[in-house]
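1. sequence and predicted model, in that order:
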Amino acid sequence: MFYRLSGTYHTSYQADRKLWKIPTDRWLVIALLVLALLAPLFVSPLYLGSYVLPWVIWSAAALSLTLLMGLAGQLHFGFAAVMAIGAYASIHLVRAGVPFELALLLSGLISAVIGAIFGGAALRVKGLYLVMATLAMQYLVDWVVVNVPAISGGAHATLRTPAVSFLFLPIESLAARYWLALGWAVLLTVFFMNVKRTSFGRALVAIRDKDFAAAVIGVDPFKTKLMAFFTSSFMGGVTGAILAFCFYRAVTPEQFGFNVSIQLVAMVLVGGLGSVIGSWLGAGFVLLAPIFLTNLVSGLAASGWVPVSQNFLSHLPLMIYGAMIIGFLLLEPLGLAKIYDNIRKYFLVWPFRHARS
């Protein structure tokens with residue numbers, strides 16, 4: 001059958017290392033990519049700009065953080081600061097006359113250098129001590145952004161993004177901004193799916209499992225961790241720039257606060273550490289679930305199914321949202337990606353009896 005395995009008949013290493021060994025997986029990915037490309041044609045501008053576009057961008061941000069937390073096993077509670085560096089750097093570079101394509105790369109490089117500096121300073125510590133070091137980066141970047149008018153214009157200032165073009169195409173319409181964000185998210189997805197099969201990806205996994213054992217087999221823990229911080233920060237900086245130009249279009253310091261870093265960590269944990277599809281599912285859940293729950297509770301309140309107390313209605317969606325996160329982590333600690341994998345494996349052998357084991 002096209003949707004299940006009927007044995008392992010690999011005759012070469014290339015066949016064994018295929019990303020999609022089952023034809024239905026490959027066709028499903030192609031179908032999803034085609035639907036994503038055509039989304040501006042059949043999705044209303046309201047839903048495209050309010051739901052689909054931010055989901056794509058925050059999925060890219062979750063993928064950037066997953067490289068560091070999921071593969072390398074390094075905790076980072078200041079990733080919103082990395083994105084803030086990329087966002088502000090790209091705006092100032094474009095205003096200085098730098099082409100937008102080069103500004104994206106330079107903003108990512110600036111974020112990577114600063115992220116690697118903080119990461120290098122924190123490589124001698126682990127666990128909660130590493131969390132405190134990344135928190136120091138978050139609060140230090142917040143303070144600099146707020147108190148240096150040359151960067152943000154002041155604590156309450158709004159920095160608008162200038163009009164830009166990407167590869168000679170103006171990035172003004174909603175569809176153009178969506179396609180740019182989608183292209184970056186797809187690029188990160190392809191990179192993440194392939195990096196696991198490289199020597200760098202295997203070194204990250206070795207460091208995550210046991211850095212002392214990795215050093216014994218020839219992996220340099222300092223160099224590998226530093227490269228993990230550098231690569232993750234580069235992707236996060238470019239994602240922050242795309243977030244500023246494609247979604248926010250006007251940047252304020254509050255958009256990259258500590259609560260955003262917590263949301264990014266929640267996306268990675270709820271979706272599943274080290275998983276590509278988990279980053280997409282986690283970002284969709286953390287970003288969209290509160291919106292849908294709020295709309296659902298408002299609809300039930302209008303029909304008389306729940307009490308009409310305004311205070312109760314304002315807190316009920318958050319209560320349900322928190323209970324759902326706890327339920328997911330209790331029932332499946334490996335995240336939404338593992339739930340998807342269980343469903344997929346069920347259909348690989350359906351309708352046979354051992355599918356339920």
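-> Structure's in. What do you need?
2. where does this protein have low pLDDT?
-> Scanning the chain for pLDDT under 70 picks out the ranges 1-10, 122, 304-314, 351-357.
3. one more time with 80
-> Within the chain, the stretches with pLDDT under 80 are 1-25, 120-128, 153-156, 293-322, 324-325, 328-329, 345-357.
4. tell me the secondary structure for the spatially most central residue of it?
-> The centroid of the chain falls nearest to Ala62 when counting by CA atoms, centre = their mean (1.4 Å). When classified by DSSP: H, G, I helix; E, B strand; the rest coil, Ala62 comes out as helix.
5. check contacts around it.
-> Residues near Ala62 by CB atoms under 8 Å, 6 or more residues apart in numbering: 264, 267-268, 271, 279-280, 282-283. Placement of C-beta: from N, CA and C, glycine included.
6. any of those buried? List them.
-> 264, 267-268, 271, 279-280, 282-283 (16 or more other CB atoms under 10 Å).
7. can you redo these as JSON lines with distance to Pro54?
-> Listed next are these as JSON lines, based on distance: CB to CB, whole Å:
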{"residue": "Leu264", "distance to Pro54": "13"}
{"residue": "Met267", "distance to Pro54": "12"}
{"residue": "Val268", "distance to Pro54": "17"}
{"residue": "Gly271", "distance to Pro54": "16"}
{"residue": "Ser279", "distance to Pro54": "14"}
{"residue": "Trp280", "distance to Pro54": "13"}
{"residue": "Gly282", "distance to Pro54": "14"}
{"residue": "Ala283", "distance to Pro54": "9"}
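8. quick one: which of those is nearest to Pro333?
-> Nearest to Pro333, judged by CB to CB, of the buried ones among the contacts of Ala62 is Gly271 at 12.4 Å.
9. quick one, phi/psi of the residue nearest to that closest one when sequence neighbours are not counted?
-> On the basis of CB to CB, 6 or more residues apart in numbering, the spatially nearest residue to Gly271 that is not a chain neighbour turns out to be Gly282, at 2.3 Å. Torsion angles at Gly282 (phi, psi; degrees, to the nearest 10) stand at phi -70, psi -40.
10. list the contacts for Gly282?
-> By CB under 8 Å, 6+ apart, Gly282 lies in contact with 62, 266-272, 335-336.
11. what does Ser232 give?
-> The contact partners of Ser232, by CB under 8 Å, 6+ apart, come to 64-65, 67-68, 72, 76, 82, 115.
12. tell me the secondary structure of it, please.
-> If you use three-state DSSP, then Ser232 falls in the helix class.
13. re the thing from before, could you dump the contacts of Ser232 into JSON lines and include distance to Leu167, secondary structure and neighbour count?
-> As requested, the contacts of Ser232 are exported to JSON lines (distance: CB to CB, whole Å; DSSP: H, G, I helix; E, B strand; the rest coil; neighbours: other CB atoms under 10 Å):
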{"residue": "Ser64", "distance to Leu167": "22", "secondary structure": "helix", "neighbour count": "30"}
{"residue": "Leu65", "distance to Leu167": "27", "secondary structure": "helix", "neighbour count": "25"}
{"residue": "Leu67", "distance to Leu167": "26", "secondary structure": "helix", "neighbour count": "25"}
{"residue": "Leu68", "distance to Leu167": "29", "secondary structure": "helix", "neighbour count": "27"}
{"residue": "Ala72", "distance to Leu167": "32", "secondary structure": "coil", "neighbour count": "27"}
{"residue": "His76", "distance to Leu167": "32", "secondary structure": "coil", "neighbour count": "32"}
{"residue": "Val82", "distance to Leu167": "26", "secondary structure": "helix", "neighbour count": "36"}
{"residue": "Gly115", "distance to Leu167": "27", "secondary structure": "helix", "neighbour count": "29"}
